[in-house]
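A.B. asks: pasting the sequence and the predicted model now:
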Amino acid sequence: MPRIMHAFPDVRRFGLCAAVAVSIAGCRTAPADTEKVAVAAADPVVIISPDDVATVRTADLASGVFLTGSLEPSEKVTVRAQSPGTIQQLAVNASTVVTRGQRLAVIQAEALQSQVTSGEVGVASAQAGIAAAERTLAAAQQRVEGAKMLNAAGAMSRMDLLSAQSQVDGATGQVAAAKAQAAAAAAQLASATAAANRTIVEAPISGVVSDRKVSEGEAVGVGQEVLTIANLDVLQLAGQIPVQQAALVRAGQVVSFTLDAYAGQTFTAKVGRVDPVADPATRRVGVWLDLPNPGRLLISGQFVTGRVITANVMKGLLIPRTALRGEEKARYVLLIENGKIVRRDLHVGLFDDSASEVAVLDGLKEGDRVIASPALDIPLNAKVREASAAAPKKST
């Protein structure tokens, strides 16, 4: 094996001193050990973590306005008691799927039922009164017809004829009064029946029972909350954007967003409407969009981070923003090229805040590997190797 002692005079002197102080055998082993030290010093390799390196990739680029908000049901209705009484026949619980018009519970109200019964009796009595008055009127009309014939034949005085006519007039008034009484009884029955119908709790919309406030047998008063129904087949994203960017957003634009519960997945929807007035406290404008939720996989209340696409989508190269170094007008990255660190100047374009990435206009190509950790300060031309990569074989 060729010696390299001449390149390291200090090591050579150390070997000579060792030859004087120890046996000849010790002096023979010193050159091999010092040779290993010299090779290591002459060929240093910086071991870096794979987390500190990023690969330049091609992806879709688009400019947009970022928004945050939460997913809410497109419809949400609180069902309240419209009559006082006791909850009976409660047929639903939280998470129960219901359809519009479905009976959910009954409020037992004996006083209301008693009013209905009384109203029905009143209507029947009024109808009987009408029938009796009409019979009286018919009899009076027959008598007056006979009186007219007798008066014409000279067998009845005019006074008796007028008396018979007055009986017809009185009977006609009784019929009218009976009909008025029947109308009042019918109105009273209708009112009592309507009140009784309000004891039936029905679903005003189709959806899912999201909350139930009462239990079977519980007494409720007028206006007391019974349960809440939410339409989860379509969720509504209620987001907010800065007022300065409101002019860039309009109905129909595509929105891409992510959810914390579905890491790595991107969802899309369209802007439904934009509030015409900003919140004076936050100086932000509300943005609303509807998101179909087939199978009800998305859960209402989740926090959303999204972006309204305001420019055309195009292909481009992306790197992490943390890989950028230098000043704004003199950007560069540390590129791993042939196992060494080199400086590569470049020009950057759009910043993708949602992914913390930046578009590269020139200076790199897809597949290049760059140092992504700003904390790593590796000298130029230094040899590097990722910790996960296999160590290179030594030449013999």
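C.D. replies: Nice, thanks for sending it over. Residues are numbered from 1 along each chain as shown.
A.B. asks: determine whether the claim that Glu328 is in a strand is correct.
C.D. replies: No - counting by DSSP: H, G, I helix; E, B strand; the rest coil, one finds Glu328 to be coil, located in no strand.
A.B. asks: quick check, pLDDT for it.
C.D. replies: pLDDT for Glu328: 75.
A.B. asks: one more: the one 5 residues further on?
C.D. replies: The pLDDT attached to Val333 in the predicted structure is 94.
A.B. asks: and it, what helix or strand is that in?
C.D. replies: strand 332-337 (DSSP states H and E).
A.B. asks: for that strand, which helices and strands make contact with it?
C.D. replies: Strand 332-337 sits against strand 340-345, strand 369-371, with contacts defined as 3 or more Cβ pairs under 8 Å, 6 or more residues apart in numbering; DSSP states H and E. Where C-beta positions appear, they are placed from N, C-alpha and C, glycine not excepted.
A.B. asks: following the last one, which helix or strand shows up next?
C.D. replies: In this case it means strand 369-371. Per DSSP H and E, the first helix or strand lying C-terminal to strand 369-371 is strand 383-386.
A.B. asks: buried sites along that next one?
C.D. replies: Val384 (16 or more other Cβ atoms under 10 Å).
A.B. asks: need the helices and strands packed on strand 332-337 in JSON lines (columns: mean neighbour count, distance to Thr68 and mean pLDDT).
C.D. replies: Output for the helices and strands packed on strand 332-337, formatted as JSON lines (neighbours: other Cβ atoms under 10 Å; distance: least, Cβ to Cβ, whole Å; pLDDT from 0 to 100):
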{"stretch": "strand 340-345", "mean neighbour count": "14", "distance to Thr68": "35", "mean pLDDT": "94"}
{"stretch": "strand 369-371", "mean neighbour count": "21", "distance to Thr68": "30", "mean pLDDT": "94"}
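A.B. asks: how far away is the nearest residue to Arg143 once chain neighbours are set aside from Ala171?
C.D. replies: Excluding the flanking residues, the one nearest Arg143 by Cβ to Cβ, 6 or more residues apart in numbering is Ala164, at 5.1 Å. Per Cβ to Cβ, to the nearest Å, Ala164 is found 11 Å from Ala171.
A.B. asks: overlap in contacts of these two?
C.D. replies: Shared contacts of Ala164 and Ala171 (Cβ atoms under 8 Å, 6 or more residues apart in numbering): Ala140.
A.B. asks: any idea which element Ala171 lies in?
C.D. replies: Judged by DSSP H and E, Ala171 forms part of helix 158-197.
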